[in-house]
Each structure stands twice: as structure tokens, then as C-alpha cells.
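[1] this is the structure alone, sequence omitted:
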């Protein structure tokens, strides 16, 4: 019944590993996003994606890659994890591609790299 | 450059006090949207309000009210008669046509603590 769901909620992994975070939305929205919230609570866009276009924030390392098997899913894959990747990652979705619609957020995935 | 500035990092009030959270934004677009989100201690992001750039009417929803002033590029949020359950981090956000598409550009948040 959850609109935007992420799995797992918590992820602890060692440096150098590769991991994925899954995101699914059942709202029929066209656009999905990944945001990163750092230890100071600052939220920053990483990617926005719809079936036509992927927009990447230029500050995101290329170790991060979004993968969308279909319109309802946007997974985040991270290669060669580093300590600085520890953060809370939020998936979100919104209808259409414009900014007139609110973004619905998942509950977040707390990633800890040790 | 920071597009959304929330100058108040932390605010502490006693229950039943009124409190205003400030938000100042920067954009060159004539069409844009402003948002407020609440992040309680449980961590989820809860949508509170969306306002478009052409609608400067103030809005009231229960104990919450918002004051949008284009002349000062501000979108302030007031909680009247605060309650302990209002304790959370509050984020103001701007959506405009930018290098990140139309994604939300968040301020750094204001942590509100309401004590009994």
C-alpha cells in the first residue's frame, strides 16, 4: 500500500563492496529521483529520471548509477563503496516531468560503510 | 551557490509558543514552486505545502500558516501554539528549471525542538 518503497531500510557494508538499493513506486508517476542526505541533514539531488531522460547531478561520482527496469522502479547501484558514501538515500517520485507536482518520498535507506 | 537559505539552524521553544521558520530563495525563473517538508525523528520526509510563484496568497492549515512574499523572495512558515509533536527538522525547497531538471533544491533545514 506504500506509495514509494525502498529496500533495504538499513545497509551496512565494507569499503570496496558493490551494493544496490531498490525503489518502487505504485503511484503511476513518470519521474523518479534519488536524493542523498548527509550527516548534517543536507538533502541533495543525485539523479532524476523518466522514461525519456536521465539527468545526473554533475557532482555525483560515476560509481553511482541509476538503473530503471521499468517505469515503476529506479534502483541505485553503487560500485566500490567508500566511507564518504555513508548517508541516508531517499527515493522519490512525482507525476509528469515538470515541477508543478510534489515529490513523494520513500522512507529512506541508511547506508553505513565500514 | 545556495538557492534556498534557511538561516535558522536550530530553534527551541516551549510548548504553546508560536514559532516562525524562515526561508529565503534565489531564482531567475519567473515560474517556480516552493515547498515545505517535515522530517520527524523517525526520518521520513513529509510533504506540507506547495506554492507556485504566481500565487502569493497566504495559506493556513490548522496551526500551520505560510507567508509567501516575492518582493523579499521569502516563504516563511509559522506554527501557532506549538506542540511537542512538532519537533522535527523542517526543510524549505525550490523547484525550478535547473541543471538537475525540475528536482527539488533543498535548504539546509531548521531543527525545531518543542519542549513541554
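    In hand now; what should we look at? Bear in mind that the values here come from a model prediction, so they are computed numbers and not experimental data. Numbers count the residues shown, from 1 in each chain, chains lettered A, B, ... in the order given.
[2] ok, and for stretch A:32-44, which residues are buried?
    Within stretch A:32-44, the residues scored as buried using 16 or more other CB atoms under 10 Å in any protein chain shown are A:32, A:33, A:34, A:35, A:36, A:37, A:41, A:43, A:44. To be clear about C-beta, it is placed using only N, CA and C from the backbone, and glycine gets the same treatment.
[3] hmm, residue A:29 is touching residue A:93, no?
    Yes. Taking contacts as CB atoms under 8 Å, residue A:29 lies within contact range of residue A:93: 3.9 Å.
[4] which residues do the two both contact?
    residue A:104 (CB atoms under 8 Å, 6 or more residues apart in numbering or on different chains).
[5] please give the element, helix or strand, for residue 20.
    In the absence of a named chain, this looks at chain A. strand A:19-25 (DSSP states H and E).
[6] my bad, the chain I had in mind was chain B
    Using DSSP H and E, residue B:20 falls in strand B:19-21.
[7] buried sites along that strand?
    B:19, B:21.
[8] ok, residues contacting it?
    Residues outside strand B:19-21 that contact it (CB under 8 Å, 6+ apart): B:6, B:8, B:11, B:13, B:76-79, B:82, B:90, B:92, B:110, B:112, B:114.
[9] adjacent strands (with direction) for that strand?
    strand B:74-79 (antiparallel) (DSSP bridges).
[10] buried among the contacts of strand B:19-21? Make that a ChimeraX selection.
    To isolate the buried ones among the contacts of strand B:19-21 in ChimeraX, judged by 16+ other CB under 10 Å, type:
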select /B:6,8,11,13,76,77,78,79,82,90,92,110,112,114
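[11] CSV please, covering the contacts of strand B:19-21 and showing secondary structure and pLDDT.
    Shown next, in CSV, are the contacts of strand B:19-21 (DSSP: H, G, I helix; E, B strand; the rest coil; pLDDT from 0 to 100):
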residue, secondary structure, pLDDT
B:6, coil, 97
B:8, coil, 97
B:11, strand, 97
B:13, strand, 97
B:76, strand, 97
B:77, strand, 97
B:78, strand, 97
B:79, strand, 97
B:82, coil, 97
B:90, strand, 98
B:92, strand, 97
B:110, strand, 98
B:112, strand, 98
B:114, strand, 98
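[12] who's the most centrally placed residue in chain A bridged to?
    Centroid-nearest residue in chain A, with CA atoms, centre = their mean: residue A:34, separated by 3.0 Å. Counting by DSSP bridges, residue A:34 is bridged to residue A:47, residue A:91.
[13] pretty sure it contacts residue A:88?
    No. With contact defined as CB under 8 Å, residue A:34 and residue A:88 do not form a contacting pair (11.4 Å).
[14] quick one: residues in contact with stretch B:69-87.
    Here stretch B:69-87 has contacts from B:13, B:15-27, B:34, B:36, B:40-41, B:48-49, B:51, B:53, B:56, B:63-68, B:90, B:92, B:112-116, using CB under 8 Å, 6+ apart.
[15] tell me which of the buried residues of stretch A:32-44 is nearest to chain B?
    Comparing these against chain B with CB to the nearest CB places residue A:43 closest, at 4.2 Å.
[16] any idea how far the closest one lies from residue B:106?
    Using CB to CB, to the nearest Å, residue A:43 is found at 4 Å from residue B:106.
[17] contact partners of stretch A:84-96?
    A:3-4, A:6, A:21, A:23, A:25, A:27-39, A:43, A:46, A:74, A:76, A:78, A:101-106, A:108-113, B:43, B:45, B:104.
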